[in-house]
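# Based on what follows, work out the 3D shape:
(chains A, B, C and D)
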Protein chains: 2
Amino acid sequence: MATMQDVARHAKVSLSTVSYALSGARPVSAATKVRIDAAMAELGFRPNAMARGLASRRSSTLALIFPAMESGLGGTVTEFVASAAAAAREHGYHLVLWPFGAHQADEIRDLVRQGLADGVLLMEVRLDDPRVEALHAAGLPFTMIGRTREVEGLAYVDIDFDRTTEDAVAHLTALGHEHIGFLNHSRESHDEGYAPTIRAEEGFRTAITSRGLVPRTVLCHESPQAGRRAVAELLEADPDMTALVTMNEMATFGATVELQDRGLRIPDDFS
Amino acid sequence: MATMQDVARHAKVSLSTVSYALSGARPVSAATKVRIDAAMAELGFRPNAMARGLASRRSSTLALIFPAMESGLGGTVTEFVASAAAAAREHGYHLVLWPFGAHQADEIRDLVRQGLADGVLLMEVRLDDPRVEALHAAGLPFTMIGRTREVEGLAYVDIDFDRTTEDAVAHLTALGHEHIGFLNHSRESHDEGYAPTIRAEEGFRTAITSRGLVPRTVLCHESPQAGRRAVAELLEADPDMTALVTMNEMATFGATVELQDRGLRIPDDFS
DNA sequence: AATCATCGTCGAAGCGCTTCGACAACACGC
DNA sequence: GCGTGTTGTCGAAGCGCTTCGACGATGATT
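Prediction:
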């Protein structure tokens, strides 16, 4: 593998000039730049990531902390991961995966100190999340996908659950539905303080009660089987139910099966 | 951040002794080791990943090359990614994501030369995959999830599609089914040489024809909508069809909807 | 023509670690 | 008591790059 020294010799300039040509941190004359570019091309030079990282104290690497296999890994999570990787790439960064849940803040602290990451993306944030504290203390830049209870001074992107549930309910009431159920994520996720579960539940209740209707919600594991049972429960609680709002992708597949099983056509009899 | 030099001073030994205590590459007396461990703990020392990588020419990083968002990113792919990350972690490795498809062998070659990865995991391998050639030429150790046409000298783990399709067909014929359809991945994936699509198709045909039955297969996009249409097609081709073998997760959800829509109960009327 | 920035380039000092060669200190067999 | 190995430790030389200070060579400014 060709080093920068090789390129320098080949282009008959000093090591540092090659470095400056590459980074643009200082001006380099057009003529020398051409020679250097030619030498780099000829030798197939690629700057060594480790050496660059060590000398510059910047790794060009971002870490994506994501919940190993906790909450079912729906399609949404996967999309986040895939687009984060692609976006990092576009900006010349590497993306490393740190599969740590909310209870593994210590491991994160350790990894951060190894200096491999310039910044962190935190996924599946809990309302009170020790990982946030750890990252904050480490002084590493980070942003969250989702949010904690307190977001003072923190950067995050988030889904507006108040708005989405309100929109969903508005859509259904506009269609004439008055008995609307809500199929949420699991009880575990709720009890762990997983924000989407909690905030969507609140949003739904608000949207429903503000219309003088009765909210019927159910927490449900991320599986088709659980989805069937959950819908059965909802229909027992309110046999007149004609519409469902759902947060739980996996369970939804089971839900449709259960509905069709009961002779309810979608979308004719049930929305 | 404490360096190894700090630890050495603190423990009153030389820098190299600390290194040896850490790596075990040379013996260190029990007494000094205790002092060094104490110093490391007190200073909260973590070896710098970049420096270690530069000096040792090993990055402790593995790259996972995976298809950005090509083939729908089913749950299986996600599981692979998540468990790869966890497994890497367990072995003290980092896992970086390189979102490159079969047509981006050049970009892979570039990244490899940056020396960030000690080895590579290649996913969604095509029967003839330029990435394999690129990695081979780069001399980087790699293994594949899936396989190319020629596997001489290559390491891989793979699904036995002959066996899975045979098992599926055997299961269905044992239940008495004689009109069995096959719901495959998309035509695009087939034409691109995506091995699971091609090999599963072959496996299914073999399993069916060896029983004197007629294979009915359909290529189908990764979506519920496409799944509905595909099942409709299959039933038109053979109205007596009573069972389906499927490779296409997303399409399957649509398939069940279509079947139920036609009054076919699962599993009573249709398997 | 003298003065001063500015430009383009170079050499050298690290970044924090691994690893090689050296070398005391000591144990062993005879 | 002399070779002959072991053990445990140290110093120093890198790994391949970034970045700082220095310095001749221009070109612009009076």
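
# Show the subsequent helix or strand relative to the helix or strand hosting A:H171.
Using DSSP states H and E, A:H171 maps to helix A:161-174. Once the chain leaves helix A:161-174, the next helix or strand it forms, by DSSP H and E, is strand A:180-183.

# avg pLDDT for the helix or strand just after that next one?
Next along the chain after strand A:180-183, taking DSSP H and E as the criterion, comes helix A:187-191. Mean pLDDT, computed over helix A:187-191, is 89.

# Which residue, other than its chain neighbours, is closest to whichever residue of the stretch 151-271 of chain A sits closest to DNA strand D?
Proximity to DNA strand D, evaluated over the stretch 151-271 of chain A using CB to the nearest atom of the strand, is greatest for A:A155 at 24.1 Å. In short, each C-beta sits where N, CA and C put it, glycine included. The spatially closest residue to A:A155, leaving aside those adjacent along the chain, is A:T143, at 4.2 Å (CB to CB, 6 or more residues apart in numbering or on different chains).

# how many other residues sit next to A:T32?
Around A:T32 there are 16 other residues, counting by other CB atoms under 10 Å in any protein chain shown.

# just the helices in the stretch 51-200 of chain A please.
A:75-90, A:105-113, A:130-138, A:161-174, A:187-191, A:195-209 (DSSP state H, counting those that start in this stretch).

# A:T246 is nearest to which of those helices?
Closest to A:T246 of these is helix A:161-174 (CB to CB; 8.9 Å).

# which other helices and strands contact that closest one?
strand A:180-183, helix A:195-209, strand A:243-246 (3 or more CB pairs under 8 Å, 6 or more residues apart in numbering or on different chains; DSSP states H and E).

# what are the pairing partners of the first one, and which direction each?
Going back to what we said before, that points to strand A:180-183. In the sheet containing strand A:180-183, its partner strands are strand A:216-218 (parallel), strand A:243-246 (parallel), by DSSP bridges.

# just these: most buried one?
strand A:243-246 (a mean of 22; mean count of other CB atoms under 10 Å in any protein chain shown).

# one step back: ok, which of the strands paired with strand A:180-183 comes nearest A:H91?
Across the strands paired with strand A:180-183, closest to A:H91 is strand A:243-246 (CB to CB), at 35.0 Å.

# mind checking how far the residue of the stretch 101-250 of chain A found nearest chain B is from B:T61?
Using CB to the nearest CB, the closest approach of the stretch 101-250 of chain A to chain B is made by A:R113 at 3.8 Å. Going from A:R113 to B:T61 by CB to CB, to the nearest Å gives 17 Å.

# Between the two, point out the one with more neighbours.
Neighbours per residue (other CB under 10 Å) separate A:R113 from B:T61, with B:T61 holding more: 23 against 18.

# And the strands paired with strand A:180-183: which comes nearest DNA strand C?
strand A:243-246 (49.6 Å).

# can you list contacts of the closest one?
Contacts to strand A:243-246, defined as CB atoms under 8 Å, 6 or more residues apart in numbering or on different chains, come from residues A:165, A:168-169, A:172, A:175, A:177, A:179-183, A:204, A:231, A:234, A:252, A:255, A:270-271.

# 7 Å - rerun?
Contact with strand A:243-246 is made by A:165, A:168-169, A:172, A:177, A:180-183, A:204, A:252, A:255, A:270-271, as judged by CB atoms under 7 Å, 6 or more residues apart in numbering or on different chains.

# Got a ChimeraX select line for the buried ones in the residues you listed?
Selection of buried members from these for ChimeraX, criterion 16 or more other CB atoms under 10 Å in any protein chain shown:
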select /A:165,168,169,172,177,180,181,182,183,204,252,255,270
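
# Could you pick out the one among the contacts of strand A:243-246 with the lowest pLDDT?
For the contacts of strand A:243-246, the pLDDT minimum is A:T252, 88.

# I'd assumed A:A226 was in contact with that residue.
No - counting by CB atoms under 7 Å, A:T252 stays clear of A:A226, with 10.8 Å between them.

# Relative to B:L127, how far out is A:L213?
56 Å.

# go on, A:M123?
From A:M123 to B:L127 the distance is 34 Å (CB to CB).

# The residue of the stretch 151-271 of chain A found nearest DNA strand C: neighbour count?
For the stretch 151-271 of chain A and DNA strand C, the shortest gap (CB to the nearest atom of the strand) falls at A:A155, measuring 26.6 Å. Applying other CB under 10 Å, we find 10 other residues in the vicinity of A:A155.

# isn't it right up against A:R147?
No - using CB under 7 Å, A:A155 is not in contact with A:R147; the gap is 9.9 Å.

# picking up where we left off before, now the angle from the helix holding A:H171 to helix A:195-209?
Calculated by axes from the mean of the first three to the mean of the last three CA atoms, to 10 degrees, helix A:161-174 forms an angle of 40 degrees with helix A:195-209.

# Could you check helix A:161-174 and say which residues are buried?
A:F161, A:T164, A:T165, A:E166, A:A168, A:V169, A:L172, A:T173.

# Same question for stretch A:114-122.
A:Q114, A:G115, A:L116, A:A117, A:D118, A:V120, A:L121, A:L122.

# Next, count neighbours for A:S56.
A:S56 - counted by other CB under 10 Å - has 11 other residues nearby.

# Show me what from the stretch 1-150 of chain A comes close to DNA strand C.
A:12-17, A:20, A:26-29, A:31-33, A:51, A:54-55, A:57 (CB under 7 Å from any atom of the strand).

# Of those residues, which ones also sit close to chain B?
Within the set of those, contact with chain B (CB under 7 Å from any CB of the partner chain) is found for A:A51, A:L54.

# Return the members of the residues of the stretch 1-150 of chain A next to DNA strand C classed as buried.
Buried members of these, counted by 16+ other CB under 10 Å: A:V13, A:T17, A:Y20, A:V28, A:T32, A:K33, A:A51, A:L54.

# Secondary structure for these - can I get that in a markdown table?
Listed next are those as a markdown table, based on DSSP: H, G, I helix; E, B strand; the rest coil:
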| residue | secondary structure |
| --- | --- |
| A:V13 | coil |
| A:T17 | helix |
| A:Y20 | helix |
| A:V28 | coil |
| A:T32 | helix |
| A:K33 | helix |
| A:A51 | helix |
| A:L54 | helix |
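
# Please identify which of the residues you listed is nearest to B:P67.
A:A51 (30.8 Å).

# and the spatially closest residue to A:A138 that is not a sequence neighbour, how many neighbours?
Of all residues not flanking A:A138 in the chain, A:V112 sits nearest, at 4.5 Å (CB to CB, 6+ apart). Using other CB under 10 Å, A:V112 is surrounded by 22 other residues.
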